[in-house]
Each structure stands twice: as structure tokens, then as C-alpha cells.
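> Sequence and predicted structure below; questions after.
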Amino acid sequence: MQQPTNYTNLFLDMNAFFASVEQQVRPELRGKPICVAPYTGNTGCCIARSYEAKKFGVTIMRVGDAKRLCPTLKVIEARPELYVFYHRQILKVLQSLNPFVEVKSVDEFNLRLTGLERNRENAIILGQKLKSAINEEVGDYLKCSIGISSSPWLAKLAGEFEKPDGLTVLPLENLPDFYKQLKLTDLPGINLRMQAQLNRHNIRTTSDFFNSPLSDLSTWFGHPGRVWYHRLRGYEIGETVTATKSVGHSHVLAPSFRSFDGGRRVLSKMAEKCAKRLRQKKLWTNSIAVSISSFDYGYKSQHLKTDLICDSQSIRQAALGLYEGFQIKKPLKVSVTLFDLKQISNRPISLFCDIEKSKRVSEALDQINDRFGDDTIYSASQFDTEDAAPNRIPFGDPDRLNF
């Protein structure tokens, strides 16, 4: 394992990104409490909040609850394509100043520092250049926080320390004092459940965690304990890559779609999205599950075994067949999940020639839509789903930033 060195990673996190983009393109919203939601009814969810809204205690919560905390809150319907457009503009700016940019999410980027950039003063200068370039070339109302340290994880942690619009440098020699200022749950990757596990071994503060011997962490937690020991000390620990076990989409229905036909239209669009993601990952499925939630019947779920399929038509028909069995008049939320996934070569599968033909048609549609934009071309069966299940921003999954 390579010994960590200072100033090798710069992590950039756009502040209140979705809300700031809305304030960028609509100056009348600047300085006002706003939230972004998939739809603006009281049962919608605030997926992003401006800093003005955060001062009222607005978090990721239902729109109705947020309005009670902040009566002047302006609720904006999410526009995913707009946020992805700004994401791409920011990425171009970053790449113009440093070619080693890794996209972590729609609003997070890690830059590998090389050569003369691996110097405290030069790393700070680069961070300031990045901030200025984003303001001048992308949007004057867009702010970001930057952390500079020995690993992407530590750089991200440093950037979280000063928001909004901060720039924090975290050299390795400052780690003991830095950790004294943080709670365990301030560490990326430590949730309440993990905190409880640590507490059972008398690790109650971040300093306790940092000072725990490797032998103890290994005994208590196995390999994850060794990973945390080195991560806390600035080693660059690669993320574990696991095989994809399922592909799914879920959607809370807007009030106008809370009918049997509305839920069916949304589910059809979601099945199409799942099928496209499956093909992007070069996977096939032979198990499909559909679940539905409603105020009257609570939660219900059914699943179906199929032949090996990855084409849109087969997946959509299977999902809609399951949906028909529910006969729920007023659905609130629908979900479709593909599982029992298998990696298969691209050669035709003679046993499933109809599916292979449909797969090729689906792939041709994928190529056209990838080049000219989502829904440029679609099958006739999708004609009545154009306004159903609009695109959502895939948090933490940069591979899905392609619509």
C-alpha cells in the first residue's frame, strides 16, 4: 500500500446545486428560500434546498412539512435536464484546468493533482482558479466548496468542513486536531447503525476511532476495520466494486397520475428505463418484480420468472402484466425491479430469436436517443407515456448522467 502524501487530491462539491442552478437562471429567486421537488404538491419531497431555506430548518422532507417551517418557501419543480446541462458545463471548465477529473456525482468531482500542483500554495491557487472559472464561464451564482488532502475521501471530508464557498486544506499532520472537531456521523460512510456498532466497542468520538489500534479494528470488524484504519490516516483505499444485483426504478406519482391508468403509464416508462440500463451494463434478467403503494391498500408486491430477456418490449410487457393483477384504483407509488441478472456475450441466442430481434431494435433506439437526446425516438407503445415518470437526477451514480 502506497504511503499517503499531502496535496494529491482536490475534491470539489457544488453547493446546493439544484437550487443554485434555479437561482442562476431565475434571478428573481436569488436570496430567497426555495426548494426543488419532483412535483410541487404537499406530498412531494424537497430533494434540494437553497441556503436561505436551510436556515429555516428545511431538510429532505415533504413539501407540506417544509412549508410549515418556512411559510415563504418557493417550491420549484425539478428540471433534471437543466442540472445535467450545468453539470457538463462545469465538467468542461474543470477539465480545461486539470485533465485528471473523476466525476463522483452530478455535483461532485475529484481532481488528481500532479507535478507542481502537489504543493500547498499551488493547490490552493488551482482551487481558487476553479472557483473563478465556474463563476465566470458557467454561472455567477454557483458556489462550490473545495477540500485538498491526500485521498479523495479526506479531501471530500475537508470540503464538507466549510460550506458554502469554502476552501479547506487538510495535511496529514493536522489529522489528530481535525478529527477532534467532528462527530462520528460527520465521516462519509458512517451512519447511525455503524455508529452504534462503534459505540459498543467504546468508540464514541472520531478521535477514539482514529486512535484505535489496527489489531482491535481488525478483530472487531474484519476487513472493513482495516479499511477504516488506513482511510482515517489518509491512505487511498479503493472503493469495493460489487456485481450489479438488481436494476430498478421507483416513482411517487404526481396527483394527476394517481389513477389506475396513470400508474400504468408511469410503470411503462419506468420499465423502459430499466431495460435501457440493463443493456448499458450488458446484462440480462429472468426475474421481474413490481410493487405498488396506495393510501387504501398499503404496500403490495409481486414478481415473475421469465426467460432471459433484456429488450424493452419483453420487460415492459412482463411489468405491465404484473401491474394489471393489482387492480388498485388510486396508486401512490410504483416500482419495478429486475433481478437474477446474468452477464451473457453479445452473440445471438438462437433459443430466443424473437427476444434477440427485439433486443437489436431496442439497442438501435438506444443509440439514436444517446446521440440526439432522450425520447427522440420511441416505440408506438410508449406514445402515451411521454409526460409520465420524468427524468430524475441519479444521485451518486455518474454512469446514469446520460439523458
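Alright, I've got the coordinates. Worth saying up front: this structure is predicted, and the values here are computed from it rather than measured. Numbering: from 1, shown residues only.
> Might you list the low-confidence residue ranges for the stretch 301-403 of the chain?
Within the stretch 301-403 of the chain, the segments meeting pLDDT under 70 span 344-403.
> Could you rerun that using 50?
Of all residues in the stretch 301-403 of the chain, those with pLDDT under 50 make up the ranges 346-353, 355-356, 383, 385, 403.
> Report the secondary structure state of residue 86.
Taken by DSSP: H, G, I helix; E, B strand; the rest coil, the conformation at residue 86 corresponds to helix.
> which ones are touching it?
Neighbouring residues of residue 86 by Cβ atoms under 8 Å, 6 or more residues apart in numbering: 17, 21, 24, 138, 139, 142. Yep, even glycine has a C-beta here, placed from its N, CA and C like the rest.
> ok, it to residue 272 distance?
When distances are taken as Cβ to Cβ, to the nearest Å, residue 86 and residue 272 turn out to be 26 Å apart.
> Residue 257 too?
The span separating residue 257 from residue 272 equals 16 Å under the rule Cβ to Cβ.
> Would you mind confirming that residue 263 is in contact with residue 336?
No: Residue 263 is not in contact with residue 336 according to Cβ atoms under 8 Å; the separation is 11.3 Å.
> who's more crowded, the two?
Neighbour totals were compared for residue 263 and residue 336, and residue 336 leads with 30 against 25 (other Cβ atoms under 10 Å).
> A helix includes residue 314, no?
Yes: when classified by three-state DSSP, residue 314 is found to be part of a helix.
> residues near it, how many?
If you count neighbours by other Cβ under 10 Å, residue 314 ends up with 23.
> I'd assumed residue 320 was in contact with it.
No: Residue 314 lies out of contact with residue 320 (Cβ under 8 Å); the separation is 11.1 Å.
> So what's the residue count around residue 250?
Neighbours of residue 250 under the rule other Cβ under 10 Å: 14.
> Could you do residue 299 as well?
Using other Cβ under 10 Å as the criterion, residue 299 is surrounded by 11 other residues.
> now it: how far from residue 267?
15 Å.
> Packing partners of the host helix or strand of residue 301?
Under DSSP states H and E, the secondary-structure element containing residue 301 is strand 298-309. Contacts defined by 3 or more Cβ pairs under 8 Å, 6 or more residues apart in numbering; DSSP states H and E place strand 298-309 against strand 283-294, helix 312-324, helix 353-372.
> which residues touch it?
When contacts are taken as Cβ under 8 Å, 6+ apart, the neighbours of strand 298-309 outside the stretch itself are 284-293, 314-315, 318, 321-322, 325-326, 328, 342, 344, 349, 352, 355.
> What's the ChimeraX syntax to select whichever of the residues you listed are buried?
Buried members of those, identified by 16 or more other Cβ atoms under 10 Å, are gathered into one ChimeraX selection as follows:
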select :284,285,288,289,290,291,292,293,314,315,318,322,326,328,352,355
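> tell me the SS of residue 12?
Secondary structure of residue 12, per three-state DSSP, is strand.
> Please enumerate the helices of the protein.
17-25, 51-54, 63-69, 80-97, 120-137, 152-160, 175-179, 192-199, 206-211, 214-221, 223-232, 260-280, 312-324, 353-372 (DSSP state H).
> Of all those helices, which one is nearest residue 112?
Ranking the helices of the chain by distance to residue 112, with Cβ to Cβ as the measure, places helix 152-160 first at 8.9 Å.
> Alpha carbons of that closest one, as CSV, please.
Extracted in CSV, the C-alpha atoms of helix 152-160 (Å, rounded to 0.1, in the frame of the first residue of the first chain):
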residue,chain,number,x,y,z
PRO,A,152,-10.5,11.6,-2.3
TRP,A,153,-12.2,10.6,0.9
LEU,A,154,-10.1,13.0,3.1
ALA,A,155,-10.4,15.8,0.5
LYS,A,156,-14.2,15.4,0.5
LEU,A,157,-14.2,15.4,4.3
ALA,A,158,-12.2,18.6,4.3
GLY,A,159,-14.5,20.3,1.8
GLU,A,160,-17.5,19.5,4.0
